[in-house]
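Peer 1: Got a predicted structure here, sequence first:
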Amino acid sequence: MNILIVDDKLENLYLLRVLLGSKGYDVTEATNGKEALERARETPPALIISDILMPVMDGFALCRAWKADARLASIPFIFYTATYTEPKDKEFALSLGADRFLVKPQEGSVLLGEVESALLAGELAGKQAGNRSNHVTATLPEEKTEVSEQDFYRQYNARLVNKLEDKLEEIAQKNRTLAAREQSLCEANARLEERVAQRTRELEAANEELEAFNYSVSHDLRAPLRRVEGFSQALREECTGQLSEQGQDHLQRIGRAVGHMSELIDGMLELSRLNHGELLREIVSLSAMAEAVSAKLREAEPAREVSIGIQSNIVVTGDRRLLGIILDNLLGNAWKFTANTAQARIEFGVTERDGKSVYYVADNGAGFDMAYAGKLFKAFQRLHFAQEFPGIGIGLASVARCIRRLGGRVWVESEPEKGATFYFTC
């Protein structure tokens, strides 16, 4: 027994095909009313199950054409819809001659029960029609109430307008919801922007206050330092013959401490200056800049034998002053920490990581334990004793600030006694 199913959604056709096939029914499929009529006129089915809202020809028009066709009119017609679900939709469907009007989704057992019931009713109606036609005494045929074309289109348009109005109201409600969400999002963004602006103002004020404090402390510390240095010098000059060896050692310690304090003050001021000044971006040859720094290092310590390899033609766009500070400190750092290394070697070059140029300064010097790498780029932090490698711990902090201002990042890889490689982007 063949059943024709009509629906423009393939998933609905699949579900009906599986359900009906499980009961042994043969199934023919169509995706619109026009296609269903063509298939039915070629091979009439035992029953048709049709959706309503479909392209080309919808279910209402299909049912009207179906019942107007003498070969198809007696075949049971079931509407199975999820769109037209109001009582007037059902009344209109039944007025067109439909045998059943079912709303999706239905339990499989319920739908199969309706199919069987419609098939039985169709068979019974067919037998009764056959018995009447076999009567010897002719009787007048029963009048069949049909929906006129004018009435069909009137009701059809009413059902369509009703659905359109429902759809428009649904769309309007969704638009109102979206507008409310958009308004809420705009308000949240405005609050967020205000908080960000406020945080930025607070941060700028805190930075200004910190810079002013650094300058004030540095300035105020210089005067007493100069006095300590002056009195120490006067004491050394006027009382040299009266001081014991230990006393002279104390004076030397005072002088070294004053010199160290002066370096710390200079470092604080230098870090403060790195946060200010306009960035002047231009094309800069890092190779040429590294060559100049290397020449300066060799000039300062001509007795040292250090192999310095500098990759040629490394050119970037950036602030010349900040890039100079970066290379001064990184190459100077490598020079310093290879002081106790035989066959010292320093390299400056460029590589690529994740599609981005990464510049590096590598050495085979003292190196350090990476467990302490977090301290490396903080001001006045040191990983080696000053007696072994002099310095105040300001160079790498300066490097980090410069690179941050250029919008890049800096990191390091190292092992004790195996050197270090500093990487940076800009």
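Peer 2: Ah, there it is. Numbers count the residues shown, from 1 in each chain.
Peer 1: going forward, measure contacts between C-alpha atoms and count neighbours the same way
Peer 2: OK.
Peer 1: Would you confirm that Glu413 belongs to a strand?
Peer 2: Yes. Counting by DSSP: H, G, I helix; E, B strand; the rest coil, Glu413 is found in a strand.
Peer 1: Give me the three-state assignment for the residue nearest to it when sequence neighbours are not counted.
Peer 2: Excluding its sequence neighbours, the residue lying closest to Glu413 (Cα to Cα, 6 or more residues apart in numbering) is Thr421, at 5.4 Å. Look at Thr421: counting by three-state DSSP, its state is strand.
Peer 1: What of Phe348?
Peer 2: Per three-state DSSP, Phe348 ends up strand.
Peer 1: What is the burial count for it?
Peer 2: 25 (other Cα atoms under 10 Å).
Peer 1: Isn't it up against Asn313?
Peer 2: No. At 11.6 Å, Phe348 does not count as touching Asn313 under the criterion of Cα atoms under 8 Å.
Peer 1: any idea how far Asn340 lies from Arg304?
Peer 2: Using Cα to Cα, to the nearest Å, Asn340 is found at 10 Å from Arg304.
Peer 1: right, I mislabeled it, should have said Gln343
Peer 2: Per Cα to Cα, Gln343 is found 10 Å from Arg304.
Peer 1: Could you list everything the nearest residue to Arg17 once chain neighbours are set aside pairs with in the sheet?
Peer 2: Once flanking residues are discounted, Arg17 sits nearest to Val27: 6.3 Å by Cα to Cα, 6+ apart. Note on Val27: beta-bridge partners by DSSP bridges are Ile3.
Peer 1: my read: Val27 touches Tyr14, true?
Peer 2: No. Counting by Cα under 8 Å, Val27 stays clear of Tyr14, with 10.5 Å between them.
Peer 1: Neighbour count: those two, which is higher?
Peer 2: Shown here are Val27 and Tyr14; by other Cα under 10 Å, Val27 has more neighbours (18 against 13).
Peer 1: For that one, report the pLDDT, please.
Peer 2: For Val27, the pLDDT comes out at 94.
Peer 1: Enumerate every residue touching the residue nearest to Glu413.
Peer 2: Listed by Cα atoms under 8 Å, 6 or more residues apart in numbering, the contact set of Thr421 reads 360-363, 412-414.
Peer 1: and Gln183, how many neighbours?
Peer 2: Applying other Cα under 10 Å, I find that Gln183 has 12 neighbouring residues.
Peer 1: Helix or strand: which one has it?
Peer 2: Using DSSP states H and E, the element containing Gln183 is helix 149-238.
Peer 1: residue contacts, the residue nearest to Arg17?
Peer 2: Applying Cα under 8 Å, 6+ apart to Val27 gives the contacts 2-5, 17, 20-21.
Peer 1: mind showing which ranges of the chain have poor pLDDT?
Peer 2: For the chain, the stretches flagged by pLDDT under 70 are 125-168, 207, 210-211, 213-219, 260, 263-277, 379-393.
Peer 1: hang on, Ala397 packs against Ile403?
Peer 2: No. Contact criterion Cα under 8 Å: Ala397 and Ile403 do not qualify, at 10.1 Å.
Peer 1: which one is Leu279 nearest to, not counting chain neighbours?
Peer 2: Using Cα to Cα, 6+ apart, the closest residue to Leu279 is Asp319 (5.8 Å).
Peer 1: burial measure for that neighbour, as a count.
Peer 2: There are 19 residues near Asp319, going by other Cα under 10 Å.
Peer 1: Ile394 versus that one, what's the distance?
Peer 2: Distance from Asp319 to Ile394, by Cα to Cα: 20 Å.
Peer 1: Give me the packing partners of the helix or strand containing Ile49, helices and strands only.
Peer 2: When secondary structure is defined by DSSP H and E, Ile49 falls within strand 47-50. Judged by 3 or more Cα pairs under 8 Å, 6 or more residues apart in numbering; DSSP states H and E, the packing partners of strand 47-50 are strand 2-6, strand 77-81.
Peer 1: Packing partners of the first one?
Peer 2: Contact here means 3+ Cα pairs under 8 Å, 6+ apart; on that basis strand 2-6 packs against helix 10-21, strand 26-30, helix 33-42, strand 47-50.
Peer 1: go on, the last one?
Peer 2: Helices and strands touching strand 77-81, by 3+ Cα pairs under 8 Å, 6+ apart, are strand 47-50, strand 100-103.
Peer 1: can you give me how far the first one is from the chain middle?
Peer 2: Its chain's average C-alpha position is 49 Å from that of strand 47-50, according to Cα atoms, centre = their mean, to the nearest Å.
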